[in-house]
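Trainee: no FASTA, just this:
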């Protein structure tokens, strides 16, 4: 029983850490508030109004 509980707790921590890594690799993450929309030249416009420095192209 204890091993099952420990396994579940380990899974929760693994999922939480993976989602944080993914958030760091997306345009407009963190303090920029996420992506608002795409500009006409294919750049990401963040919710705070700034243009993302991401090399990815927005479509």
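Mentor: Noted; the coordinates are in hand. What you see is a predicted model; the values in this text were computed from it and never measured.
Trainee: for this protein, what helix or strand is lowest in average pLDDT?
Mentor: Taking mean pLDDT, DSSP states H and E as the measure, the helices and strands of the chain show their lowest mean at helix 2-24, namely a mean of 60.
Trainee: Now find how far off-centre the helix or strand following that one is within its chain.
Mentor: Per DSSP states H and E, the first helix or strand lying C-terminal to helix 2-24 is strand 35-38. On the basis of CA atoms, centre = their mean, to the nearest Å, strand 35-38 sits 14 Å off its chain's mean C-alpha point.
Trainee: list the helices and strands strand 35-38 packs on?
Mentor: Packing partners of strand 35-38 (3 or more CB pairs under 8 Å, 6 or more residues apart in numbering; DSSP states H and E): strand 44-46. Heads up, the C-betas are built off the backbone N, CA and C, glycines and all.
Trainee: Show me what the strand it packs on is in contact with.
Mentor: With CB atoms under 8 Å, 6 or more residues apart in numbering as the test, strand 44-46 has contacts from 27-28, 32-39, 51-52, 54, 56, 58.
Trainee: Which among these count as buried?
Mentor: 27-28, 32, 35-36, 52, 54 (16 or more other CB atoms under 10 Å).
Trainee: Tabulate those residues in JSON lines, adding columns for pLDDT and distance to residue 5.
Mentor: Below are the buried ones among the contacts of strand 44-46 laid out as JSON lines (pLDDT from 0 to 100; distance: CB to CB, whole Å):
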{"residue": "27", "pLDDT": "85", "distance to residue 5": "38"}
{"residue": "28", "pLDDT": "87", "distance to residue 5": "38"}
{"residue": "32", "pLDDT": "87", "distance to residue 5": "38"}
{"residue": "35", "pLDDT": "90", "distance to residue 5": "38"}
{"residue": "36", "pLDDT": "92", "distance to residue 5": "42"}
{"residue": "52", "pLDDT": "91", "distance to residue 5": "41"}
{"residue": "54", "pLDDT": "87", "distance to residue 5": "40"}
